[in-house]
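> Quick one: sequence plus predicted model below, questions after.
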Amino acid sequence: MAVFRKGFLGGFKGKLGPGVGTTWRNLDVLKSRSTKTIEKDKLLPQNFRLDVLSRFLGPFKPFIRIGFYHKKNKDSPFNRAMHYNWHRAVKGKAPNFVIDYSKIILSRGDREPVWSGNLITVQEDQISITWEVTEAAKMRIIGNDRAIVLIYNDRAEKVQSFKTAIRSDLAVRIDLPLALRLGNSHIWMFFLSPDGRHVSNSEYIGELLSEATEI
């Protein structure tokens, strides 16, 4: 503990680096902060990041169990998704962290990826998503992969999935329920092998803007 006289610090109170200014027995003193307090302050930004990312990924848990499953890895799929997206998909500074939707990854695997995924708005309540298959792809192996489309509505903070197409279809048309037309929605897609053992990396397809404001 250090005692200081009136100077540039004056009657200083509060934190100053690793110290804390306060008054003790009518003396202005500077005390060192406890290690626990310093460590807690360092953790605060991480806590904000943790809260933002875990709240966002929460609704995706059923799909993350598929997309990040690995039988040889002891970590849970959700923990692996959190770890992978921790620095990639959260931007800003504490306490104002936000999700960068275009960087979010919901599945990681060795299956042929989504090539040239494209979002087309057919009409207000209907969209179409198209993709391509490269000439080098072995269609007899991957042609029956299930296309998993995930649509997240940022107003409702909920996810809906659509699994009505296979890779060889090269397109899927989706009728949007009213809940997905209120507020903006974000769309991801990945492929799942017929036996459920292999997934592709997820691909951010795009944002669906809506002018609807109420039901």
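Okay, I see it.
> so who does Arg88 touch?
Asp100, Lys103, Ile105 (Cβ atoms under 8 Å, 6 or more residues apart in numbering). Just so you know, the C-beta spots here come from the backbone N, C-alpha and C atoms, and that holds for glycine as well.
> again, only this time at 6 Å
Going by Cβ atoms under 6 Å, 6 or more residues apart in numbering, Arg88 touches Lys103.
> Please tell me how far it sits from Ser54.
To Ser54, Arg88 is 15 Å away according to Cβ to Cβ, to the nearest Å.
> can you check Gln126 too?
Taken as Cβ to Cβ, the span from Gln126 to Ser54 is 33 Å.
> What of Pro113?
The spacing between Pro113 and Ser54, counted by Cβ to Cβ, is 26 Å.
> Name the residue in the two with the higher neighbour count.
Using other Cβ atoms under 10 Å, the more surrounded residue of Pro113 and Ser54 is Pro113, with 15 against 12.
> Check the burial of the closest residue to the more buried one other than its chain neighbours by counting its neighbours.
Spatial nearest neighbour of Pro113, excluding adjacent residues (Cβ to Cβ, 6 or more residues apart in numbering): Ser200 at 4.8 Å. For Ser200, the neighbour count with other Cβ under 10 Å is 25.
> Please parse this protein into its domains.
2-33, 40-108, 109-215 (automatic domain parsing).
> export the ones you listed to JSON lines and tack on mean pLDDT?
Supplementary listing: the domains of the chain in JSON lines, determined by pLDDT from 0 to 100:
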{"stretch": "domain 2-33", "mean pLDDT": "51"}
{"stretch": "domain 40-108", "mean pLDDT": "90"}
{"stretch": "domain 109-215", "mean pLDDT": "93"}
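> center of this protein, which residue is that?
Taking Cα atoms, centre = their mean, the centroid of the chain lies closest to Ile104, which sits 4.6 Å from it.
> gap between it and Thr134?
Distance of Ile104 to Thr134, computed by Cβ to Cβ: 24 Å.
> Phe56 too?
Phe56 is 32 Å from Thr134, where distance means Cβ to Cβ.
> Equivalent analysis for Met189, please.
For Met189, the distance to Thr134 - Cβ to Cβ - is 16 Å.
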